[in-house]
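Undergrad: Sequence and predicted structure below; questions after.
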Amino acid sequence: MIVETLVADAFGTNCHVLSAGPGSECVVVDPGIGIAPRLEDLLAERGLKPVAVLLTHGHLDHTYSVTPVCGANDVPAFIHTADAHLLEDPARGFSQAMMSLVGTGLEWTEPDRVETLDDGGTFELAGMRFGVDHAPGHTAGSVLFRTDDDEARYALTGDVLFRGAIGRTDLPGGSDEAMWDSLRRKILPLDDDTVVLPGHGPNTTIAIERAGNRYLKLAARGDH
């Protein structure tokens with residue numbers, strides 16, 4: 001499996017592209033603000049054909065380009081049921097202050113094809129099998145997408161887990177209590193060698209985070 005990452009100019013959101021290699025089908029994860037032209041160039045350069053867009057959650061900095069990317073490639077968007085309403089109106093997921101950072105005059109249309117996900121589901125795309133773990137806290141419908149190949153295990157964690165940090169819980173739909181529960185039940189059980197592909201910042205592993213991420217240490221001790 002090959003993972004290539006484009007970083008959006010706004011909010012530094014990671015857009016991950018997973019494929020078996022040049023000339024194959026691929027999956028696009030979290031196409032953020034302004035990412036579409038660079039994504040189009042990457043797909044053309046590698047000869048990749050998207051079969052779906054996966055969304056770790058419904059925040060606008062992760063979904064901004066979902067409609068043009070889905071439309072250009074005639075593919076569906078996948079999102080957890082609890083965040084699907086944010087594809088109808090993304091402003092519901094941001095505070096007024098956050099929306100002001102996005103800018104005024106946002107013209108938004110929902111993707112033509114939206115597939116909703118539930119906890120514990122599995123599906124196959126582009127020759128890859130994905131598991132879905134509902135991990136609310138950052139948003140009500142945040143998920144982890146898990147996949148692996150012969151060489152590595154991967155967890156696309158969105159804004160649940162970053163290197164040395166976790167996602168904020170103070171935006172609409174967020175919950176501090178739910179985040180701690182997600183860390184305990186969804187993140188801590190992952191194998192140490194799992195490669196974390198986060199929504200922002202550099203990649204890491206569960207072993208590194210278990211040893212050095214203070215939030216995971218607190219969750220492991222049951223301090224929250």
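TA: All right, it came through fine.
Undergrad: next helix or strand past the helix or strand of the chain with the lowest mean pLDDT?
TA: Ranked by mean pLDDT, DSSP states H and E, the weakest helix or strand in the chain is helix 96-102, scoring a mean of 61. Moving toward the C-terminus from helix 96-102, the next helix or strand (DSSP states H and E) is strand 114-117.
Undergrad: Can you list the neighbours in contact with that next one?
TA: 52, 76-81, 84, 87, 132, 143 (C-beta atoms under 8 Å, 6 or more residues apart in numbering). Glycine gets a C-beta too; all of them are placed from N, C-alpha and C.
Undergrad: Highest neighbour count among the residues you listed?
TA: Ranked by neighbour count (other C-beta atoms under 10 Å), the contacts of strand 114-117 have Val143 at the top, with 32 neighbours.
Undergrad: mind listing what it touches?
TA: If you count contacts by C-beta under 8 Å, 6+ apart, then Val143 has 56-57, 80, 117, 119, 132-135, 158 around it.
Undergrad: same question, Pro136
TA: Pro136 sits in contact with 82, 142, 175, 178-179, 182, where contact means C-beta under 8 Å, 6+ apart.
Undergrad: In a strand, Cys15, correct?
TA: Yes: the assignment for Cys15 is a strand, going by DSSP: H, G, I helix; E, B strand; the rest coil.
Undergrad: residue contacts, Leu183?
TA: Per C-beta under 8 Å, 6+ apart, neighbours of Leu183: 137, 160-161, 166, 215-216, 219.
Undergrad: Take those and keep only those in helices.
TA: 215-216, 219 (DSSP state H).
Undergrad: how about the helices in this protein?
TA: Counting by DSSP H, the helices of the chain are 36-46, 60-63, 66-73, 96-102, 176-182, 206-212, 214-221.
Undergrad: Give the buried residues for the first one.
TA: When burial is assessed from 16 or more other C-beta atoms under 10 Å, helix 36-46 yields the following buried residues: 36, 38-39, 42-43, 46.
Undergrad: OK, contacts around the residue nearest to the spatial centre of the chain?
TA: With distances taken as C-alpha atoms, centre = their mean, Thr56 lies nearest the centre of the chain, 3.0 Å away. Counting by C-beta under 8 Å, 6+ apart, Thr56 makes contact with 29-30, 62, 142-145, 156-160, 199.
Undergrad: Adding pLDDT and distance to Asp112, write these out as TSV.
TA: Shown next, in TSV, are these (pLDDT from 0 to 100; distance: C-beta to C-beta, whole Å):
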residue	pLDDT	distance to Asp112
Val29	98	19
Asp30	98	19
His62	96	19
Ser142	98	24
Val143	98	22
Leu144	98	26
Phe145	98	22
Leu156	98	24
Thr157	98	28
Gly158	98	23
Asp159	98	26
Val160	98	28
Gly199	98	25
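Undergrad: quick check, nearest of these to Trp108?
TA: When the contacts of Thr56 are compared for distance to Trp108 (C-beta to C-beta), His62 wins out at 13.9 Å.
Undergrad: count of neighbours near that closest one?
TA: The burial count for His62: 32, using other C-beta under 10 Å.
Undergrad: Identify the residues contacting it.
TA: 13, 30-32, 55-56, 158-159, 199.
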